[in-house]
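Peer 1: Give me a 3D structure for the following:
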Amino acid sequence: MKSLALFTTALSAPSLATAATADFFAAALCVPPYSTAVATRLYEEAESFGKADTSSLGAAIYRLPEPVARDGLKTEEVVFAGMSIGVLIDGASAAQLARRFDLIPEKSSLFGASSKGFARVLPDDLQSMKDAGLISIIAREGPALGGKTLLACEFVSNEDRQALEAYEESESRP
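Peer 2: Below you'll find the predicted structure:
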């Protein structure tokens, strides 16, 4: 949690982007925690940047008007995928992000979409939709990301989480 507090403090650091641009880095770190209202507001701002690239990841990827740099990390792209909001960090840095934000290795490769993944479920007091699912901070690398790392705030429904756990269990049986 200390790392998240340190990063949150760093969020006020100067950026290459204009002050008018939403804080997509903070959103990727679940500040504030994921909600449909937050996602809608950020999505509407991203839409103002131009047409999304929807050719990979099953996601909408928007190019920021200007690069944004925070705490030694740089991004030029915002990602909306399913129930997640994130940024694509230049370089393969999932392990570095995991150390920085106290993320632990994921058990699943998400059906091969992720070659290296880390996550941390937010504490109960930040779970705004706990009856429906859990919110986590994730960092993932994979072939489809083209040498970049996805840092995102992700909501996973209870049903999707149970289905993934059942799949993982069935795959681990001989």
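
Peer 1: Spatially central residue in this protein, please.
Peer 2: By Cα atoms, centre = their mean, the chain has its centre lying nearest to residue 152, at 0.6 Å.

Peer 1: could you measure it against residue 73, distance?
Peer 2: Applying Cβ to Cβ, to the nearest Å, the value for residue 152 to residue 73 is 13 Å. For glycine as for every other residue, the C-beta is placed from the backbone atoms N, C-alpha and C.

Peer 1: out of all of them, which helix in the protein is the longest?
Peer 2: Longest helix in the chain, counting residues (DSSP state H): helix 158-172.

Peer 1: all strands for the chain, in order.
Peer 2: 60-70, 73-81, 84-90, 104-105, 116-121, 133-141, 148-157 (DSSP state E).

Peer 1: Residue 32: which of those is closest?
Peer 2: Of all the strands of the chain, it is strand 148-157 that lies closest to residue 32, at 9.1 Å by Cβ to Cβ.

Peer 1: Pull that closest one out as PDB, backbone CA atoms only.
Peer 2: The C-alpha trace of strand 148-157 is given here as PDB (Å, rounded to 0.1, in the frame of the first residue of the first chain):
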ATOM      1  CA  LYS A 148       4.400  -2.400 -24.200                       C
ATOM      2  CA  THR A 149       2.900  -3.200 -20.800                       C
ATOM      3  CA  LEU A 150      -0.700  -2.700 -19.800                       C
ATOM      4  CA  LEU A 151      -1.200  -1.000 -16.400                       C
ATOM      5  CA  ALA A 152      -4.900  -0.900 -15.600                       C
ATOM      6  CA  CYS A 153      -7.700  -0.800 -13.100                       C
ATOM      7  CA  GLU A 154      -9.800  -3.800 -13.800                       C
ATOM      8  CA  PHE A 155     -13.200  -4.900 -12.600                       C
ATOM      9  CA  VAL A 156     -13.900  -8.700 -12.800                       C
ATOM     10  CA  SER A 157     -17.400  -9.900 -12.100                       C
END
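
Peer 1: the inter-axis angle of that strand versus strand 116-121?
Peer 2: Computed by axes from the mean of the first three to the mean of the last three Cα atoms, to 10 degrees, the angle separating strand 148-157 from strand 116-121 equals 40 degrees.
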